[in-house]
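Enquirer: I would like to see how this sequence folds:
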Amino acid sequence: MAYTVMVVDDHEIVRVGLASVLADAQEFELLALVGTAHDAIEALGQHRPNVLILDARLPDGSGLNIVPKVRQLSPGTKILILTSYGEERAVIEAVAAGVDGFLIKTADSRALIEAVLALAQGRPILREQVADSLLRFVRREGSDDTTPHPPLLERLTPREMEVAALVANGFSNAEVGQRLGISEKTVRNHVSDVLSKFGMERRTQIMMALRDLDPESR
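Expert: You can find the predicted model right below:
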């Protein structure tokens, strides 16, 4: 059985390119190619794809803005957001919107097929992607002295920001240590320091406080 896919992107060459890659993979059936948020909602009224490939930027608004409507029209559809390289804030916003994964537009055909297939089969791909984007985000923000941090983040060192970002997305101390190249004991110490600086007692409170690290949203 082929998994059904719908593509939403305002650039025809991107739509055609994605369609060509998906057509070459026998696992997929392409249901529709559209270029606007309006057309996407209209098409979803007719189709219920297993996976929706959705551009983050559309001519009639952000692709993220239609995520709630997609969930309403087709609850079983997995949403894969297309972003440009370096748009970590877009990734964080996508997570907040409730998408299932994202793909950089410069990704190769194999990465696209693997991502779409994983989502269609119900396999999670977002957790690792979010961790990488959050780390890039906090490292870039932390290295720019001209960028004002929100009050919570101003209390943290760059390393504590990295640890907090990963803890906020559900990574265990061992996983945080492996990703950052530090010992689990060091991670525990950093988590303890973060909790102390935030006036918190449990790591779940870090998840609540830092579920969105975009300073502009605060």
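Enquirer: Doesn't residue 23 lie inside a helix?
Expert: Yes: going by DSSP: H, G, I helix; E, B strand; the rest coil, the assignment for residue 23 places it inside a helix.
Enquirer: so it touches residue 29, yeah?
Expert: No: in this structure, residue 23 is not within contact of residue 29 by C-beta atoms under 8 Å, at 9.4 Å. Quick note: C-beta positions are derived from backbone N, CA and C, even for glycine.
Enquirer: how near is residue 182 to residue 191?
Expert: As judged by C-beta to C-beta, to the nearest Å, residue 182 and residue 191 stand 12 Å apart.
Enquirer: out of these two, which sits in the busier spot?
Expert: Residue environment comparison for residue 182 versus residue 191 gives the larger neighbour count to residue 191, 19 against 16, counting by other C-beta atoms under 10 Å.
Enquirer: What does the more buried one show for phi and psi?
Expert: Here is the backbone geometry of residue 191 (degrees, to the nearest 10): phi -60, psi -40.
Enquirer: Contacts only, for it.
Expert: For residue 191, the residues meeting the contact criterion (C-beta atoms under 8 Å, 6 or more residues apart in numbering) are 163, 167, 173, 203, 206.
Enquirer: can you pull the contacts of residue 62?
Expert: If you count contacts by C-beta under 8 Å, 6+ apart, residue 62 has them with 37, 56.
Enquirer: And the pLDDT for it?
Expert: Predicted confidence (pLDDT) for residue 62: 84.
Enquirer: Can you list phi and psi of it for me?
Expert: For residue 62, the backbone dihedrals are phi -70, psi 140 (criterion: degrees, to the nearest 10).
Enquirer: how near is it to residue 77?
Expert: Distance, residue 62 to residue 77, by C-beta to C-beta: 18 Å.
Enquirer: Any idea which helix or strand in the chain has the lowest mean pLDDT?
Expert: Between all helices and strands in the chain, the lowest mean by mean pLDDT, DSSP states H and E belongs to helix 151-154, at a mean of 55.
Enquirer: For the protein, give me the ranges with low pLDDT.
Expert: Regions of the chain meeting the criterion pLDDT under 70 cover residues 85-92, 95-96, 126-155, 207-218.
Enquirer: returning to that earlier point: would you mark the buried spots in the next helix-or-strand element following the least confident helix or strand of the chain?
Expert: Past helix 151-154, further along toward the C-terminus, the next helix or strand under DSSP states H and E is helix 158-168. Within helix 158-168, the residues scored as buried using 16 or more other C-beta atoms under 10 Å are 159, 160, 161, 162, 163, 164, 165, 166, 167, 168.
Enquirer: which one of those is nearest residue 52?
Expert: Of all the buried residues of helix 158-168, residue 52 sits closest to residue 168, with 26.5 Å by C-beta to C-beta.
Enquirer: which outside residues touch stretch 20-27?
Expert: Outside of stretch 20-27, the residues that reach it under the criterion C-beta under 8 Å, 6+ apart are 2, 3, 5, 7, 28, 30, 109, 112, 113, 116, 117, 120.
Enquirer: and the residues you listed, which two are the farthest apart?
Expert: Within the contacts of stretch 20-27, two members stand farthest from each other by C-beta to C-beta: 2 and 109, at 17.5 Å.
Enquirer: Look up how far residue 70 lies from residue 36.
Expert: Here the criterion is C-beta to C-beta. By it, residue 36 lies 14 Å from residue 70.
Enquirer: Looking at the two, which is more packed in?
Expert: Neighbours were counted for residue 36 and for residue 70 using other C-beta under 10 Å; residue 70 has more, 24 against 18.
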